[in-house]
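Peer 1: Just the structure for this:
(2 chains)
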Amino acid sequence: KQEVTQIPAALSVPEGENLVLNCSFTDSAIYNLQWFRQDPGKGLTSLLLIQSSQREQTSGRLNASLDKSSGRSTLYIAASQPGDSATYLCAVDFSWGKLQFGAGTQVVVTP
Amino acid sequence: DTGVSQNPRHKITKRGQNVTFRCDPISEHNRLYWYRQTLGQGPEFLTYFQNEAQLEKSRLLSDRFSAERPKGSFSTLEIQRTEQGDSAMYLCASSLLLAGEETQYFGPGTRLLVL
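Peer 2: Below you'll find the predicted structure:
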């Protein structure tokens, strides 16, 4: 069974610290992996997409790595800000567009 | 605004009633997805369309659920004889599949509460 797991479920850090969010998946045969941000009661905002052939993607303070052989991806957010407080979701495309999501990591950045 | 839009944003209904949600994708996107999200969980895939063709339905989608995408444009998701377990956020996403690659863009969702 293909599964996506995110640990920890919740994380609280002081402003300025770097954030490290983990995602693991059970099947290395993936098309791509995508990280999303979700604010309370809102839809999903795409942050980064890593194709199966790529090892990492970067956008501003965000960097995501992908290691298919170990079934892991890590999202790094540098110099966290209170505005980074949200739930971060990892989604894996195992099967031609049908994303399978983890349960998310709820992040709180305290001023 | 050229993002994915969903209507209504909120819906409260009584058990046994029918409800219909609408999703307007980003113009020119050929794929449209429906997901359902319950509190504290990630979204779960329900069904998807490529143009007007519905290509796959999850086993989560009981016979009470039906989705359409006439003419490959907007899509509707109908739930008949709603149950309290249908209470969730229903999310729509669209993408442009090109050369085997796509990025899904999500709408704001429709939050359904069944009393």
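Peer 1: Do a quick rundown of the strands in the chain.
Peer 2: In the absence of a named chain, chain A is used. Remark: strands assigned in chain A by DSSP state E are A:4-7, A:10-14, A:19-25, A:32-38, A:44-51, A:56-59, A:62-67, A:72-77, A:86-95, A:98-101, A:105-110.
Peer 1: meant chain B actually
Peer 2: B:5-7, B:10-13, B:19-24, B:31-37, B:44-50, B:53-57, B:65-68, B:75-79, B:88-95, B:105-106, B:110-114.
Peer 1: I'd guessed A:L49 sits against A:L33; true?
Peer 2: Yes - between A:L49 and A:L33 there is a contact at 7.5 Å, judged by C-beta atoms under 8 Å. For glycine as for every other residue, the C-beta is placed from the backbone atoms N, C-alpha and C.
Peer 1: So for stretch A:40-59, first residue to last residue, what's the gap.
Peer 2: Terminal residues of stretch A:40-59 lie 23 Å apart, using C-alpha to C-alpha, to the nearest Å.
Peer 1: Stretch A:14-25 now?
Peer 2: Per C-alpha to C-alpha, the first residue of stretch A:14-25 is 29 Å away from its last.
Peer 1: does any part of that stretch sit near chain B?
Peer 2: No - judged by C-beta under 8 Å from any C-beta of the partner chain, stretch A:14-25 makes no contact with chain B; its nearest approach is 10.7 Å.
Peer 1: And stretch A:39-57, by the same measure?
Peer 2: Yes - where contact is defined by C-beta under 8 Å from any C-beta, part of stretch A:39-57 touches chain B, namely A:41-46, A:49, A:51.
Peer 1: mind giving me a markdown table with the strands of chain B and columns for mean neighbour count and mean pLDDT?
Peer 2: Putting the strands of chain B into a markdown table (neighbours: other C-beta atoms under 10 Å in any protein chain shown; pLDDT from 0 to 100) gives the following:
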| stretch | mean neighbour count | mean pLDDT |
| --- | --- | --- |
| strand B:5-7 | 17 | 97 |
| strand B:10-13 | 14 | 97 |
| strand B:19-24 | 18 | 98 |
| strand B:31-37 | 24 | 96 |
| strand B:44-50 | 21 | 94 |
| strand B:53-57 | 14 | 90 |
| strand B:65-68 | 16 | 95 |
| strand B:75-79 | 19 | 97 |
| strand B:88-95 | 24 | 96 |
| strand B:105-106 | 22 | 93 |
| strand B:110-114 | 18 | 97 |
